[in-house]
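Student: Give me coordinates for this.
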Amino acid sequence: MNSLTQTNMNAKFRFVCLFFVLPFFMSCASSYKPISPETLEYHNHSTYDKIEFSYHYDVLTESKNKKYAKHELKNNLTLVAVKITNHTGHDINPMTDAVFYIDNKPAYFVDQRITEDKIKQGVPIYLLYLLCSPITFTTSSTSIDGTPTSNSFPIGLIIGPALTATNMIVAGTANKNFKEEIEQYNLYRQVHDGETIYALVAFRDIGKDEISLRLK
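Tutor: This is a model prediction of the structure:
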């Protein structure tokens, strides 16, 4: 096997490796999978002041949102899905008419804007992929007269921006979807008599203690 053939085979091998490795890097940002609180099973039931209440922990982990679950843990937050049914005979607003109790002590949930900001994926961090831009792909060969030659291709100018754009778009879209679900399932609403609502509520430093909801 002559040196030119060997060089071409090495070049092809590198391109094949790049083809399989590239998707791995491009998957660093993850999409957001909806929690959909109304589809969950609720086993922790309690009734105080004619308000039927139940909750479900580990919603980010169970919905396979690993990056969001990681940020949740890092910031000592716990996102909980809650189910509230009003049997009081009149409308109630969970924000103004009720109080959460954790381990029989009054507790306050984290504002949804803070929740979104603390748990979301980082986006600017993927600009680091631009550091790949200087990478060049070089092939060497030997001509018939024995003169060595080389050819370089600035593959980093393709890989760097492609990885950056792809990951930033995926992360940005995921954060948008996360924000929309947090806002959709909020507590800033009236609950009519006989109505059941579902919400996503974040608490800080609560572990997995018992949660209840009671009228003020």
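Student: longest single helix anywhere in the chain?
Tutor: Ranked by residue count and defined by DSSP state H, the top helix of the chain is helix 156-184.
Student: Which segments of the protein make up each domain?
Tutor: 1-30+128-185, 41-109+187-216 (automatic domain parsing).
Student: Turn the ones you listed into CSV, including distance to Ile119 and mean neighbour count.
Tutor: (Each C-beta comes from the backbone N, C-alpha and C, glycine too.) Listed next are the domains of the chain as CSV, based on distance: least, C-beta to C-beta, whole Å; neighbours: other C-beta atoms under 10 Å:
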stretch, distance to Ile119, mean neighbour count
domain 1-30+128-185, 7, 14
domain 41-109+187-216, 5, 16
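Student: Lowest average pLDDT across those?
Tutor: Among those, domain 1-30+128-185 has the lowest mean pLDDT, at a mean of 71.
Student: host element of the most centrally placed residue in the chain?
Tutor: Geometric centre of the chain, nearest residue: Tyr68, 3.8 Å, by C-alpha atoms, centre = their mean. Secondary structure assigned from DSSP states H and E places Tyr68 in helix 66-74.
Student: if we can go back for a sec, correct me, but the residue nearest to the centre of the chain touches Gln121?
Tutor: Yes - using C-beta atoms under 8 Å as the test, Tyr68 is close enough to Gln121 to be in contact (7.1 Å).
Student: Tell me what angle the longest helix of the chain forms with helix 66-74.
Tutor: Between helix 156-184 and helix 66-74, the angle formed by their directions is 60 degrees, by axes from the mean of the first three to the mean of the last three C-alpha atoms, to 10 degrees.
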